[in-house]
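S.K.: Build me a structure from this.
(one chain, ligands or ions: 1)
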Amino acid sequence: MEFRTFDIEGPLEVVPRKIEDDRGYFSEIFRLGSFVECVGPVEFVQDNQSLSVRRGTLRGIHFQSHPMAQGKLVRCLAGSVLDVAVDLRGDSPTYGRWVSTTLTPEENNQLWIPVGFGHAFCTLQPNSVIGYRVTNYYSPENDKGVAWDDPEIAVEWPDLVDPSTLSAKDQTQPRLADLPEYFSMEGK
Ligand SMILES: Cc1cn([C@H]2C[C@H](O)[C@@H](COP(=O)(O)OP(=O)(O)O[C@H]3O[C@@H](C)C(=O)[C@@H](O)[C@H]3O)O2)c(=O)[nH]c1=O
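M.R.: Next comes the predicted model:
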């Protein structure tokens, strides 16, 4: 299992080893010990899954505010997605910057999105399914977002993004500059 870092401190791409034979392959997708060595103590309490029927579906940019902030370990189970983490840690030198990776079921790679980051993704194929484990329970009161197309963040979305797929909530997310200061999460 390989842990790939990005220019921004915090997120990681987790790439498992694939052992192939005549039957197919075997792969250890997640090992708590190796993961904790890399990111520190974590406890996953909820497993989420979503299907996006249309190619170009965009969900995000989402995060939960404290005290219900979540770390997320995201994986693509069908299709493929461009997965994005946006640094929203108020005390971070890379505040407002983002990283991305393409997740596929063939590679079984995962993106670790620590507390303090926003998460968004765009599906690159129809019928894409993502699964993600989170370190805190869903809390509708703490469910927050930032506009996917905020020019201050300027995520380089692929041309196939289809804004007509946005949920009602994601059509009206605030810009980074308009986020109340108490959302600044100081990477806690
Ligand atoms: C996130 C979530 C939603 N729901 C419900 C609320 C709503 O009725 C329905 C759909 O919710 P949403 O529209 O928020 O789903 P979605 O837009 O897919 O939200 C997700 O987007 C990605 C980018 C993330 O990072 C996730 O944490 C989550 O915010 O599911 C839960 O019951 N539990 C949950 O953990």
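
S.K.: near the ligand, which residues of this structure?
M.R.: 48, 50, 59-60, 62, 72, 119-121, 138, 167, 169 (CB under 6 Å from any ligand atom). To be clear about C-beta, it is placed using only N, CA and C from the backbone, and glycine gets the same treatment.

S.K.: For ChimeraX, write the select line for the buried members of those residues.
M.R.: Provided next is the ChimeraX selection string for whichever of the residues of the chain next to the ligand are buried by 16 or more other CB atoms under 10 Å:
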select :59,60,62,72,119,120,121
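
S.K.: Out of the residues of the chain next to the ligand, name the ones that lie in strands.
M.R.: Among those, DSSP state E puts 48, 50, 59-60, 62, 72, 119-121 in strands.

S.K.: and the two most separated of the residues you listed?
M.R.: N48 and A120 (14.5 Å; CB to CB).

S.K.: which of the residues in stretch 144-159 are buried?
M.R.: 144-150, 153, 155, 157.

S.K.: and what of stretch 62-69?
M.R.: Here stretch 62-69 shows 62-65, 68-69 as buried, counting by 16+ other CB under 10 Å.

S.K.: in stretch 104-117, what counts as buried?
M.R.: For stretch 104-117, by 16+ other CB under 10 Å, it's 104, 107-117.

S.K.: Can you show me the CA trace of it as PDB?
M.R.: Output in PDB follows, covering the C-alpha atoms of stretch 104-117 (Å, rounded to 0.1, in the frame of the first residue of the first chain):
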ATOM      1  CA  THR A 104     -11.300   4.300 -10.400                       C
ATOM      2  CA  PRO A 105     -12.400   0.800  -9.300                       C
ATOM      3  CA  GLU A 106      -9.600  -0.700 -11.500                       C
ATOM      4  CA  GLU A 107      -6.900   1.100  -9.500                       C
ATOM      5  CA  ASN A 108      -8.900   0.900  -6.200                       C
ATOM      6  CA  ASN A 109      -7.200   4.100  -5.100                       C
ATOM      7  CA  GLN A 110      -8.600   6.200  -2.400                       C
ATOM      8  CA  LEU A 111      -8.400   9.900  -1.500                       C
ATOM      9  CA  TRP A 112      -8.000  10.700   2.200                       C
ATOM     10  CA  ILE A 113      -9.600  14.100   3.000                       C
ATOM     11  CA  PRO A 114      -8.700  15.200   6.500                       C
ATOM     12  CA  VAL A 115     -10.800  17.300   8.800                       C
ATOM     13  CA  GLY A 116     -10.600  20.900   7.700                       C
ATOM     14  CA  PHE A 117     -11.000  20.200   4.000                       C
END
